[in-house]
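Novice: output the structure for:
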Amino acid sequence: MADSLDLAQLRSFVAIADCGGFGRAASALHLSQPTVSQHVRQLEKRLNSELVRRDGRRTRFTDAGERLLVEARRILSVHDQALERLVASGQSRIVIGSAETAADQVLPGVLATLRAAYPHHTVQFHIDRSTKMTEAVAKGAIDLAVILSTAADTPGRQVGSLPLSWYASPSWQPPSGKERWPLVAYVEPCGMRQRALHELAEAGYTVDVVAESTSLEGVMGAARAGLGVAVLPSSGRPLPGLTERADLPDLGLAGVHLTTRRGLDIDLEAAGLAAMEDFFSRLRPGPLGSPAPAAGLLDG
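Specialist: Numbers count the residues shown, from 1 in each chain. From the prediction side, this is the model:
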């Protein structure tokens, strides 16, 4: 049996036609333009056909692309109508995504708010890296997610911000002279890792990524072991086994965003947003997104 067509890729393809180009499609879908372009390339590879051609600044569909557009609209229409019928007939689960260590900080408030607003719904949590949750929300697997990002084009609404800081073991000693600086980081893709490498390079440091991990605990464990310095959002409270260092370049802030899947009930989105705003208002004075430090820790 042939492999299935990916619904997210088809949705991007249709959005290009409806919105008049890759950039507008990306904006409408709350995706990056490279992601939309990749979706088209994956469809072209899957169907072994050129689907879209660039004609100057314009985007033109090939004959194969026009045929796919007709079928894609039909597939998405059937899918969305079926999903609406299933939801209306008793789907009562809310799936919330959160960065790893935001779970004990953010999720209790979000859970309390949603349970009060939707007492007959069960709530399921998905704890993962922000990059993974962004993909899951785009695919409709998660209803709403708390995402930490340093990128300007992050999907969703920014509800707060956290400072990024350098951390190392209390016994760790920085290299001397022209020795390379050891960095502990998340595996790519990771905005915090990229910002750390950029700021260190700008300051004239030569860097080696000496340890990398897919999880927050892995990054913190390597830093505690004295392997190097790590970038972590936040502060406001000590991190066990780690010391914040002030002898390295300022890293600025990372935004905390609430992103929701396409078609999510607006009342549910509003309830999640209210819970997040309440969380940040209790953590620090001033408007949301102010640079004042906030307790808690989120992953990348």
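Novice: CA only for contacts and neighbour counts going forward, please
Specialist: Fine.
Novice: how close does the nearest residue to G156 once chain neighbours are set aside sit to R195?
Specialist: Of all residues beyond its chain neighbours, the one nearest G156 is T259 (3.9 Å), with distances taken as CA to CA, 6 or more residues apart in numbering. Distance, T259 to R195, by CA to CA, to the nearest Å: 22 Å.
Novice: neighbour count winner among those two?
Specialist: Neighbour count, other CA atoms under 10 Å: between T259 and R195, T259 has more, with 26 against 16.
Novice: what residues of the helix or strand in which Q194 is found count as buried?
Specialist: Taking DSSP states H and E as the criterion, Q194 maps to helix 191-202. The neighbour-count check on helix 191-202 (16 or more other CA atoms under 10 Å) flags 191-193, 195-197, 200 as buried.
Novice: and the helices in the stretch 201-300 of the chain?
Specialist: Taking DSSP state H, counting those that start in this stretch to define them, one finds helices in the stretch 201-300 of the chain at 216-224, 266-283.
Novice: need the winner for burial among these.
Specialist: helix 216-224 (a mean of 20; mean count of other CA atoms under 10 Å).
Novice: by contact count, what packs against that one?
Specialist: Where contact means 3 or more CA pairs under 8 Å, 6 or more residues apart in numbering; DSSP states H and E, helix 216-224 is packed against strand 157-168, strand 181-186, strand 207-213, strand 229-233.
Novice: hey, which of these is tucked in deepest?
Specialist: The highest mean neighbour count among the helices and strands packed on helix 216-224, using mean count of other CA under 10 Å, belongs to strand 229-233: a mean of 27.
Novice: average pLDDT across it?
Specialist: Averaged over strand 229-233, pLDDT sits at 88.
Novice: again, but for stretch 115-126
Specialist: Computed over stretch 115-126, the average pLDDT equals 79.
Novice: do the same with stretch 65-78
Specialist: Here the average pLDDT along stretch 65-78 is 93.
Novice: can you list contacts of that stretch?
Specialist: 7, 10-11, 13-14, 50-52 (CA atoms under 8 Å, 6 or more residues apart in numbering).
Novice: and those, which of them are buried?
Specialist: Using 16+ other CA under 10 Å as the burial test, the contacts of stretch 65-78 include 10-11, 13-14, 50-52 as buried.
Novice: and the angle from the helix holding Q194 to strand 229-233?
Specialist: The directions of helix 191-202 and strand 229-233 differ by 130 degrees, with axes from the mean of the first three to the mean of the last three CA atoms, to 10 degrees as the criterion.
Novice: so how far is helix 191-202 from its chain's centroid?
Specialist: Chain-centre distance of helix 191-202: 18 Å, with CA atoms, centre = their mean, to the nearest Å.
Novice: same question, stretch 56-66
Specialist: So, by CA atoms, centre = their mean, the centroid of stretch 56-66 is 31 Å from its chain's centroid.
Novice: show the end-to-end separation of it, please.
Specialist: 19 Å.
Novice: over to stretch 175-189?
Specialist: 27 Å.
Novice: now that stretch: mean pLDDT?
Specialist: In the prediction, stretch 175-189 has an average pLDDT of 87.
Novice: let's number from 41 now, not from 1
Specialist: Sure, I'll start numbering at 41, so the last one becomes stretch 215-229.
Novice: contacts only, for the residue nearest to T246 when sequence neighbours are not counted.
Specialist: Once flanking residues are discounted, T246 sits nearest to R220: 5.0 Å by CA to CA, 6+ apart. R220 makes contact with 245-248, according to CA under 8 Å, 6+ apart.
Novice: same thing with R301?
Specialist: 177-180, 182-184.
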